[in-house]
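Peer 1: Could you work out the structure for the sequence below:
(chains A and B)
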Amino acid sequence: DAGITQSPRHKVTETGTPVTLRCHQTENHRYMYWYRQDPGHGLRLIHYSYGVKDTDKGEVSDGYSVSRSKTEDFLLTLESATSSQTSVYFCAINEPSYEQYFGPGTRLTVT
Amino acid sequence: EDQVTQSPEALRLQEGESSSLNCSYTVSGLRGLFWYRQDPGKGPEFLFTLYSAGEEKEKERLKATLTKKESFLHITAPKPEDSATYLCAVQAVGYSTLTFGKGTMLLVSP
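Peer 2: Here you go, the predicted structure:
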């Protein structure tokens, strides 16, 4: 298995609170990605990073921010959580031109 | 805009009953087409990458093929442990990101 961990694995939070999800890798891969997965929508890209401090937006970036201060960690922040952000969040990593490997996911519920 | 459509949405097979899953795509220039398997409650697991029309790859009971417009994932004599959701994704030339289809949920009954 690729060395990817996500924390927390499950979280319940209230509307309006900030939430930070963490993705940690031990593979020293350059690229890291955050996706959300919802029934009827499949996997959708939120943000991705192509190096330390280098990030870009994906398809569904509104309401989310990211940070990458070191190669191994990629943080996803929901600035003010809403019920529409209830989802399963996956982190993925890869080297350029190679397949992406996914973490185990974080199930987030916003009440 | 890149698009990926998978069909059927769900497929139920009897053990040993071979079938195929379809992934139709539109992309400005295809760099690669990826197949993943996802079990409930887990992250997607990489299966294959296909790069050019005519290419085929095999792994156990699975064989993936690619044309200029679609890819097929053929499942030969499936077993219950092949039950999962199968995801297809495309990567365009010059981009690092993937566009995923919504997946096909496969259930193989003993």
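
Peer 1: show me the contacts for the residue of chain B found nearest chain A.
Peer 2: When Cβ to the nearest Cβ is the measure, chain B has its nearest residue to chain A at B:Gly43, with 3.6 Å between them. For the C-beta atoms, the positions are set from N, CA and C on the backbone; glycine is no exception. Applying Cβ atoms under 8 Å, 6 or more residues apart in numbering or on different chains, we find B:Gly43 in contact with A:90, A:92, A:102-105.

Peer 1: what does A:Tyr35 give?
Peer 2: When the contact criterion is Cβ under 8 Å, 6+ apart, the partners of A:Tyr35 are A:43-46, A:58, A:89-92.

Peer 1: mind checking which helix or strand it is in?
Peer 2: For A:Tyr35, the host element (DSSP states H and E) is strand A:31-38.

Peer 1: near chain B too, which of the contacts of A:Tyr35?
Peer 2: If you filter those for contact with chain B, counting by Cβ under 8 Å from any Cβ of the partner chain, you are left with A:43-45, A:58, A:90, A:92.

Peer 1: And the contacts of A:Tyr35, which two are furthest apart?
Peer 2: For these, with distances taken as Cβ to Cβ, the pair at the greatest spread is A:Arg44 and A:Cys91 (13.7 Å).

Peer 1: Which of the two has more residues huddled nearby?
Peer 2: For the pair A:Arg44 and A:Cys91, the greater number of neighbours falls to A:Cys91 (26 against 17), based on other Cβ atoms under 10 Å in any protein chain shown.

Peer 1: residues in chain A within reach of chain B, list them.
Peer 2: A:31, A:33, A:40-45, A:48, A:50, A:58, A:90, A:92, A:94, A:96-97, A:99-105.

Peer 1: Can you flag the buried ones in these?
Peer 2: Among the residues of chain A next to chain B, those classed as buried by neighbour count (16 or more other Cβ atoms under 10 Å in any protein chain shown) are A:31, A:33, A:42-45, A:48, A:58, A:90, A:92, A:94, A:99-103, A:105.

Peer 1: For chain B, what's the nearest residue on chain A?
Peer 2: The minimum distance from chain A to chain B, using Cβ to the nearest Cβ, falls at A:Phe102 (3.6 Å).

Peer 1: Tell me the pLDDT of that residue.
Peer 2: With respect to pLDDT, A:Phe102 scores 97.

Peer 1: How about the residues of chain B by chain A?
Peer 2: For chain B, the residues in contact with chain A (Cβ under 8 Å from any Cβ) are B:31, B:34, B:36, B:41-46, B:49, B:87, B:89, B:96-98, B:100-103.

Peer 1: Do I have it right that A:Ser49 meets A:Ser69?
Peer 2: No. Distance between A:Ser49 and A:Ser69: 10.5 Å, which falls outside the contact criterion (Cβ atoms under 8 Å).

Peer 1: Identify the residue nearest the geometric centre of chain A.
Peer 2: The C-alpha lying nearest the average C-alpha coordinate of chain A belongs to A:Trp34 (Cα atoms, centre = their mean; 3.1 Å).
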